[in-house]
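*Asks:* Here is my input, please return the structure:
(2 chains)
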There are 2 protein chains.
Amino acid sequence: MNSILTYEDACDIIKEHFKFINLKITEVNIPDSVGKLLAEDIISDIDMPSFDNSQMDGYAVMYNENIREWNITGEISAGNFKDIEVSGNQAVSIMTGARLPSGADTVIPVENVIAETGMIKLIEGIILKKGSDVRFKGEDIKKDAVAIPSGTLINTSNIPLIASCGYNKIKVFESLKIGFFATGDELVDINTIPVNDQIRASNLYSLTTLIKELKMTPVNMGIVKDDKSQIKDTVNKAIESEFDILITTGGVSVGKYDYLKDVIEGCGFETVFWKVKVKPGKPLLFSIYRKSDRNILYFGLPGNPVSAFTSFLLFIKPFISELYKYEPQKRFKAILEQELTKKDKRKTFVRGIALINNSTLNTPLCSVRKAEGGTQSSGDMSSLSNANCLIIFEENVSKLNSGEIVECIMI
Amino acid sequence: MNSILTYEDACDIIKEHFKFINLKITEVNIPDSVGKLLAEDIISDIDMPSFDNSQMDGYAVMYNENIREWNITGEISAGNFKDIEVSGNQAVSIMTGARLPSGADTVIPVENVIAETGMIKLIEGIILKKGSDVRFKGEDIKKDAVAIPSGTLINTSNIPLIASCGYNKIKVFESLKIGFFATGDELVDINTIPVNDQIRASNLYSLTTLIKELKMTPVNMGIVKDDKSQIKDTVNKAIESEFDILITTGGVSVGKYDYLKDVIEGCGFETVFWKVKVKPGKPLLFSIYRKSDRNILYFGLPGNPVSAFTSFLLFIKPFISELYKYEPQKRFKAILEQELTKKDKRKTFVRGIALINNSTLNTPLCSVRKAEGGTQSSGDMSSLSNANCLIIFEENVSKLNSGEIVECIMI
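*Replies:* Purely as a prediction, here's the structure:
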């Protein structure tokens, strides 16, 4: 496919290809399970609670509508069960969470009685109900019942239940292994002071953190010179490394020195598309390597730090998020504070600062403006660093007016 | 202070005491810096870009309004700078990102010319502007300028700039060291099958994951019997361990076996308050240990798994989030789908399920209902596991009607 795709069409195609990723299953300890996708049903090995117990500090009795005074015959606290039996006007002093004595079916909270030596009286006006303030065996969940179904994205609120069901390790879907390298003769490691026309390979760090933020596994393959055989060797190493996704930066624009597409195809990848009508990030090479057991999706991102960053945000992150049932990319509408113009027909993502009040989901429209610092050039990192969103500037629109309502994507 | 506080008053008091936490500074590698609070200004050690360069694949020329044809005298790509000089009608073929030759101040994009052997002609109608498609030295950020100020919560969008400024490690505020243990004779490790009146100590796992989710450092001190001297020894160990926060679960209600308050005070902690008018979680012991170099905040949470979980969410998480400038706890308004009643005057947090559409911040009011599973008893974990929010049921309100707008806190 050689035509230039729209952003939406490119996304549809990428989404379809994410189906070729085979998720593997792994086991993790409970403290490491939050944010993972459950790959088995969590089944309780016990009734919960596993015994009738008191919800309050008070007195356990056998309910009888005619009795309002009881003799205290014993005392039970959580973890110190005594096999006492109660009936008639007998009561056992009981602590919150403690197991009910035999015969008892009702708890009277301590604040509802007048206690005298060895006995208690129900306070005038208090109506006792059978079963009140008791948590009955199995009331929360029954033994062998599914407590949490497979496919659930594990949140902290699932943890008490998982920990109580008798699991030590749980099965979850493994994170994707995402390898990447940066191509370019101009690139030097960030620990080097660049001279002449060198620039620091910041993309390797952007990708590492973007991938880590999605709880995936980044594999940094470093800087590779604009040299066909070096690139080829690195791509072949990536194929052997069983990555789910391979990402490169640089070498995908129309310049004479940009021949990554040929090398990638030479290594056995099929080109799906290689241009999208967006800015930043028009040159985007998307390919797939098909193996019997595991496919590799390939994204050739532009080399400019801002283009590489936003391309990951726009073309890769949404589909990883969808695969792992993460919260979708946040989009919101905002009032544009200034006029924006463009000559280009491409769909443009302008680095913006929105005055978002995160404390509420029911935000009224906030205002948004271009992020300050440097310029909006694809290479300028200050404005990206200052931005908290991308303002969407649609394909065939050349001007957005001040006061107009625009759609934004949260960074 | 012995009176029962409102939730709001308790929060105000806790907030004040968080000021006594002394944040320490540590160094991290760039890939580990996202979500950390920057503890130094990030200053660029170079101009960015560090040389005038081309924004496009095209031709570098010295601008002259009268010239529309140039002879090609050389070629430069990124990382392969050649010290060519251009003037008059000379042009150098140049790739995106490549350094401009001496004399050149303007780039003509490849699509704006007709190329012939050894020369180019500007296409009819194209107007050339001086400086167009050039990124000038220092235009993004100047050498020695502050790129990112201290105190910034580092996001992935800051990473390209940080990596380009010449930092290998950066100074950030250290995460809080939060120790915790669970008290109760009834508790057994989660790997054990509970017998008689035993229950699994799920709270240790809830706290581990809740603390990890906030990027703080959890230190699990395990299960401690309801035994004064064992608890005292463990609290003393916690004091020696230089925790910023100590949390216990259990042993704080009015039951005769609940004497944690005395032990905590005996170890040198000052009780700030120990009861709050909320449900779940009324018994909440809040104390402070004052040392010359580092103070310890102490939270004695209830032992019930749901109470312990929501107490962390309501009384601890918001203040850690504030200290580290995290996004505040999400609150939103929703339409209640069913009638809710309560007898208690306490402010109640009902486990709820809201049909939130996370894909937009400008959500219209969503609907919310009680989370299903088990009961709303403080000990029942199924409904917590199914919940995605807490519905706020105010102090002196006894009934919420179906269709009423309620405020919710996202879990």
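*Asks:* Domains in chain A, by residue range?
*Replies:* Domain assignment for chain A, taken from automatic domain parsing, gives A:7-24+A:175-323, A:26-47+A:144-173, A:53-135, A:331-410.
*Asks:* What's the end-to-end length of the third one?
*Replies:* To tie it back to what came earlier, the one meant is domain A:53-135. One end of domain A:53-135 sits 5 Å from the other (CA to CA, to the nearest Å).
*Asks:* go on, the shortest one?
*Replies:* The first and last residues of domain A:26-47+A:144-173 sit 6 Å apart, counting by CA to CA.
*Asks:* Ok, the last one next?
*Replies:* End-to-end distance of domain A:331-410 (CA to CA): 6 Å.
*Asks:* try the first one
*Replies:* End-to-end distance of domain A:7-24+A:175-323 (CA to CA): 20 Å.
*Asks:* ok, it near chain B or not?
*Replies:* Yes: using CB under 8 Å from any CB of the partner chain, domain A:7-24+A:175-323 reaches chain B at A:184-187, A:190-191, A:193-194, A:196-206, A:208-210, A:212-213, A:218, A:226, A:253-258, A:303-306, A:309. Quick note: C-beta positions are derived from backbone N, CA and C, even for glycine.
*Asks:* Touching whichever helix or strand A:Phe299 is part of from outside, list them.
*Replies:* According to DSSP states H and E, A:Phe299 maps onto strand A:296-301. Residues outside strand A:296-301 that contact it (CB atoms under 8 Å, 6 or more residues apart in numbering or on different chains): A:14, A:17-18, A:20-21, A:203, A:238-239, A:243-249, A:251-252, A:260-261, A:264, A:269, A:274, A:281, A:283-289, A:307-308, A:311-312, A:315-316.
*Asks:* Which ones among those residues lie within strands?
*Replies:* Under the assignment DSSP state E, these contribute A:245-249, A:285-289 to strands.
*Asks:* Out of those, give me the one that has the most neighbours.
*Replies:* A:Thr249 (31 neighbours; other CB atoms under 10 Å in any protein chain shown).
*Asks:* how about that one, what does it touch?
*Replies:* Per CB under 8 Å, 6+ apart, neighbours of A:Thr249: A:180-184, A:203, A:207, A:301-303, A:308.
*Asks:* Dump stretch A:181-193 to CSV, restricted to CA.
*Replies:* Presented in CSV, the C-alpha positions along stretch A:181-193 are these (Å, rounded to 0.1, in the frame of the first residue of the first chain):
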residue,chain,number,x,y,z
PHE,A,181,16.9,1.1,18.3
ALA,A,182,17.7,4.6,16.9
THR,A,183,19.3,5.0,13.5
GLY,A,184,21.4,8.0,12.4
ASP,A,185,25.0,8.9,11.8
GLU,A,186,24.4,12.1,13.8
LEU,A,187,23.4,10.3,17.0
VAL,A,188,25.6,10.1,20.1
ASP,A,189,24.9,8.7,23.5
ILE,A,190,23.3,11.1,26.0
ASN,A,191,26.4,11.0,28.2
THR,A,192,28.5,12.5,25.4
ILE,A,193,28.8,16.2,24.7
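*Asks:* Centre of the chain to it, how far?
*Replies:* Distance of stretch A:181-193 from its chain centroid, counting by CA atoms, centre = their mean, to the nearest Å, is 31 Å.
*Asks:* where exactly do the helices run in the stretch 151-300 of chain A?
*Replies:* Using DSSP state H, counting those that start in this stretch, the helices of the stretch 151-300 of chain A run over A:159-164, A:203-213, A:228-240, A:260-266.
*Asks:* Return the most buried member of these.
*Replies:* Across the helices of the stretch 151-300 of chain A, averaging neighbours per residue (mean count of other CB atoms under 10 Å in any protein chain shown) puts helix A:159-164 on top, at a mean of 27.
*Asks:* Which secondary structure state is assigned to A:Glu322?
*Replies:* Counting by DSSP: H, G, I helix; E, B strand; the rest coil, the backbone at A:Glu322 sits in helix.
*Asks:* How many residues are close by it?
*Replies:* Count around A:Glu322 with other CB under 10 Å applied: 13.
*Asks:* Model confidence score at A:Thr363, please.
*Replies:* At A:Thr363, the model reports a pLDDT of 67.
*Asks:* Please disregard the earlier target; I meant A:Ser77.
*Replies:* Predicted confidence (pLDDT) for A:Ser77: 85.
*Asks:* Find the nearest non-adjacent residue to it, please.
*Replies:* Nearest residue to A:Ser77 in three dimensions, chain neighbours excluded: A:Met95, at 4.0 Å (CB to CB, 6 or more residues apart in numbering or on different chains).
*Asks:* low-scoring pLDDT stretches of chain A, where are they?
*Replies:* Applying pLDDT under 70 to chain A flags the ranges A:1-3, A:253-258, A:357-363, A:374-379.
*Asks:* what packs against the helix or strand where A:Ser367 lies?
*Replies:* If you go by DSSP H and E, A:Ser367 is part of strand A:366-370. On a contact count with 3 or more CB pairs under 8 Å, 6 or more residues apart in numbering or on different chains; DSSP states H and E, strand A:366-370 meets strand A:331-336, strand A:347-354, strand A:389-393.
*Asks:* how distant is it from the center of its chain?
*Replies:* 26 Å.
*Asks:* With stretch A:81-99 instead?
*Replies:* Worked out by CA atoms, centre = their mean, stretch A:81-99 lies 47 Å from the chain centre.
*Asks:* after the host helix or strand of A:Ala60, next one along is what?
*Replies:* Secondary-structure element containing A:Ala60, defined by DSSP H and E: strand A:58-61. Using DSSP H and E, the helix or strand that follows strand A:58-61 in sequence is strand A:69-76.
*Asks:* so what strands line up beside that next one?
*Replies:* strand A:90-94 (parallel), strand A:119-122 (antiparallel) (DSSP bridges).
*Asks:* Mean neighbour count, the ones you listed: which tops it?
*Replies:* strand A:90-94 (a mean of 25).
*Asks:* Please enumerate residues in contact with it?
*Replies:* A:54, A:57-62, A:70-77, A:84, A:86, A:100-101, A:104, A:107-108, A:120.
*Asks:* Quick one: buried ones out of those residues?
*Replies:* A:54, A:57-62, A:70, A:72, A:74-77, A:84, A:86, A:100-101, A:104, A:107-108, A:120 (16 or more other CB atoms under 10 Å in any protein chain shown).
*Asks:* Correct me if wrong: A:Cys165 contacts A:Ile42.
*Replies:* Yes: judged on CB atoms under 8 Å, A:Cys165 makes contact with A:Ile42 at a distance of 5.5 Å.
*Asks:* what sits in contact with each of those two?
*Replies:* Joint contacts of A:Cys165 and A:Ile42 (CB under 8 Å, 6+ apart) are A:Ala147.
*Asks:* Show me the residue at the heart of chain A, geometrically.
*Replies:* A:Tyr326 (4.1 Å; CA atoms, centre = their mean).
*Asks:* Let me see the contact set for that residue.
*Replies:* A:153, A:214, A:320.
*Asks:* OK, contacts around the first one?
*Replies:* The reference is to A:Leu153. Applying CB under 8 Å, 6+ apart, the residues near A:Leu153 are A:35-38, A:324-326.
*Asks:* PyMOL command to pick out the buried ones of the residues you listed?
*Replies:* Selection of the buried residues among the contacts of A:Leu153 in PyMOL, burial being defined by 16+ other CB under 10 Å:
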select buried, chain A and resi 35+36+37+38+324+326
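*Asks:* Farthest pair within the contacts of A:Leu153?
*Replies:* A:Leu38 and A:Tyr326 (13.7 Å; CB to CB).
*Asks:* Find the closest residue to chain B in the stretch 1-150 of chain A.
*Replies:* Proximity of the stretch 1-150 of chain A to chain B (CB to the nearest CB) peaks at A:Gly79, 2.8 Å away.
*Asks:* give the contact list for A:Leu260.
*Replies:* So A:Leu260 contacts A:183, A:231, A:248, A:250-252, A:285, A:300 (CB under 8 Å, 6+ apart).
*Asks:* cutoff 10 Å now
*Replies:* A:183, A:224, A:226, A:228, A:231, A:235, A:248-253, A:274, A:283, A:285, A:298, A:300 (CB atoms under 10 Å, 6 or more residues apart in numbering or on different chains).
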